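S.K.: Okay, here's the prediction I keep looking at, along with the sequence it came from:
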Amino acid sequence: MKKYFKQAWRGISASKSRTFLTTLGIMIGIGTVILVLSAGEGFKSYINAQIDAFGSNSVIIETVVPASTKARNSGSAQDGGSSSANNAVPIKTFKNKDINDIKNLNNVQNAYGAALGQQVVTYGNVSKNIFIFGADASRFDIDKGEIASGRPYTEEEDSALAQVAVLGHDIAIDLFGENDPLGKYVRVGSYNFEVIGVYARRGSFGYSNDDEQVFIPISTLQKKILGIDYLFYGVAELVDNNKSETTGLDIADLLRRNHFITDINKDDFKVQTQAQSMDTFNTILSAVTFLLIAIAAISLVVGGVGVMNIMYVVVTERIAEIGLKKALGATNKDILYEFLIESILLTCIGGVVGIIGGSLFSFIIAKVVQSQGITWAFSVPLYGIILSVSVSMVIGIIFGVFPARNAAKLNPIEALNKE
């Protein structure tokens, strides 16, 4: 077998430029697969960091349009009603009392409710139209964001409707530049708020960017800014995360009692554990990854066809060599192995270069993302490398066997006469 590898390597090294062009499709395909898998791992680390910001042992309570209401709205739209208007049903049933009741459940350590509004925030000559985030003081015990300077607001300040604010990292820079914002006042809507704290950089999550928000007590936001008495969502921190599913059911039962709901199809809320959130995310990520790998596979197939075509050309160019070898006693198996191994070596070289190239691009992407203050781990999964090498070898075998068989079947006399 060793002699076959030596002969195949001589054939490959005889024309380096052709070898490069032959394996280019394999390089691109394998490199793309590595890049996609590595990016998937990096994105997972980013999502995990965002979930940890809420607390990995927490449950999210969101307000939703009841399924029965959606069905009625859909029917109304089909009868000529406006579907966009019907879908914009405000949910006003989730209240501060719900959060206080949730705090008293057995496996709940703490909880907070939150709401969001958009206001113009002004300091001096600088004005920004941004989101104002309201939550009770328990948020600072549950969420893992670091306050770089100053302090969080307290329960007493929340109860007193105090006009105090904690600024996100970027909005603090936009308003104050290099100056210390602590103790200064910003105008939020029609009210002046004292800046008591500034968050360290946190980054964005989905459509939310904490660095561009102002955080104030929930009661102040509800009564002074928005004029509402309901919450948009809530977060509950658990004592024992292993009981998250049971606690989620307990929260759902409590909310149904508070909201006088007897039919689960009329639930105006959704309770989701962090484990369920990760399951949903992993399902979506797996689907997207599969799609991208399927697209990359097209490149691999094209690369495989290129290898097959070049191998046919190589066989044609080396007809005299094949005839001479067979005349000197080389068997069909010897010729088959030589050209088949040459094909496998070509695709494996392309695979190795693709792995290195894909890993390098993944590393560069990770460094660029990390430079923006975003948690993004660089990782090339071992199974991706094994998969890439295996696929390269399979492509070499599949697309190399036909030209190799043709070479093996050549009649030595006819091969020498053709030359």
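M.R.: Okay, I see it. Numbering: from 1, shown residues only.
S.K.: For the stretch 51-200 of the chain, which segments count as strands?
M.R.: Counting by DSSP state E, counting those that start in this stretch, the stretch 51-200 of the chain has these strands, from start to end: 58-63, 108-123, 126-135, 147-150, 164-167, 185-188, 191-199.
S.K.: Point out the most buried one among the ones you listed.
M.R.: Neighbour counts (mean count of other C-beta atoms under 10 Å) averaged over each of the strands of the stretch 51-200 of the chain peak at strand 164-167, with a mean of 26. To be clear about C-beta, it is placed using only N, CA and C from the backbone, and glycine gets the same treatment.
S.K.: what are the pairing partners of that one, and which direction each?
M.R.: Its sheet considered, strand 164-167 pairs with strand 191-199 (parallel), strand 214-217 (antiparallel) by DSSP bridges.
S.K.: would you put the C-alpha positions of that strand in CSV?
M.R.: Provided in CSV are the C-alpha atoms of strand 164-167 (Å, rounded to 0.1, in the frame of the first residue of the first chain):
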residue,chain,number,x,y,z
VAL,A,164,-33.7,58.2,39.8
ALA,A,165,-32.0,56.4,36.9
VAL,A,166,-29.3,53.9,36.0
LEU,A,167,-27.9,54.5,32.6
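S.K.: Could you pull up the mean pLDDT of it?
M.R.: Strand 164-167 comes out with an average pLDDT of 96.
S.K.: What lies in contact with it?
M.R.: The contact list for strand 164-167 (C-beta atoms under 8 Å, 6 or more residues apart in numbering) reads 147, 150, 152-153, 157, 175, 181, 186, 188, 193-199, 214-217.
S.K.: If we use 7 Å, what do you get?
M.R.: The contact list for strand 164-167 (C-beta atoms under 7 Å, 6 or more residues apart in numbering) reads 147, 152-153, 157, 181, 186, 193-199, 214-216.
S.K.: Could you pull up the residues touching residue 239?
M.R.: 107, 109.
S.K.: cool, and residue 66?
M.R.: Residue 66 touches 265, 266, 267, 268, counting by C-beta under 7 Å, 6+ apart.
S.K.: Of these, which count as buried by neighbour count?
M.R.: Among these, those scoring as buried are 267, 268 (criterion: 16 or more other C-beta atoms under 10 Å).
S.K.: So which of the contacts of residue 66 belong to helices?
M.R.: Applying DSSP state H to the contacts of residue 66, no entry is found in helices.
S.K.: of the contacts of residue 66, the lowest pLDDT goes to which?
M.R.: Taking those together, the minimum pLDDT is found at residue 265 (86).
S.K.: quick one: that one from residue 381, how far?
M.R.: Distance, residue 265 to residue 381, by C-beta to C-beta, to the nearest Å: 42 Å.
S.K.: Over to the closest residue to residue 155 other than its chain neighbours: give its phi and psi.
M.R.: Residue nearest to residue 155 in three dimensions, not counting chain neighbours: residue 137, with 4.5 Å by C-beta to C-beta, 6 or more residues apart in numbering. When read as degrees, to the nearest 10, the backbone of residue 137 gives phi -60, psi -20.
S.K.: now residue 137: how far from residue 114?
M.R.: Taking C-beta to C-beta, one finds residue 137 at 12 Å from residue 114.
S.K.: next one: residue 10
M.R.: Taken as C-beta to C-beta, the span from residue 10 to residue 114 is 70 Å.
S.K.: ok, now residue 132?
M.R.: Counting by C-beta to C-beta - residue 132 and residue 114 are separated by 11 Å.
S.K.: now do residue 153
M.R.: Residue 153 is 14 Å from residue 114, by C-beta to C-beta.
S.K.: go on, residue 329?
M.R.: 83 Å.
S.K.: Would you mind listing the buried residues in stretch 283-299?
M.R.: Those would be 285, 289, 292, 293, 296, 299, for stretch 283-299 by 16+ other C-beta under 10 Å.
S.K.: I'd like the strands of the stretch 51-200 of the chain laid out as CSV, including distance to residue 374.
M.R.: Formatted as CSV, those follow (distance: least, C-beta to C-beta, whole Å):
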stretch, distance to residue 374
strand 58-63, 21
strand 108-123, 22
strand 126-135, 19
strand 147-150, 17
strand 164-167, 20
strand 185-188, 27
strand 191-199, 15
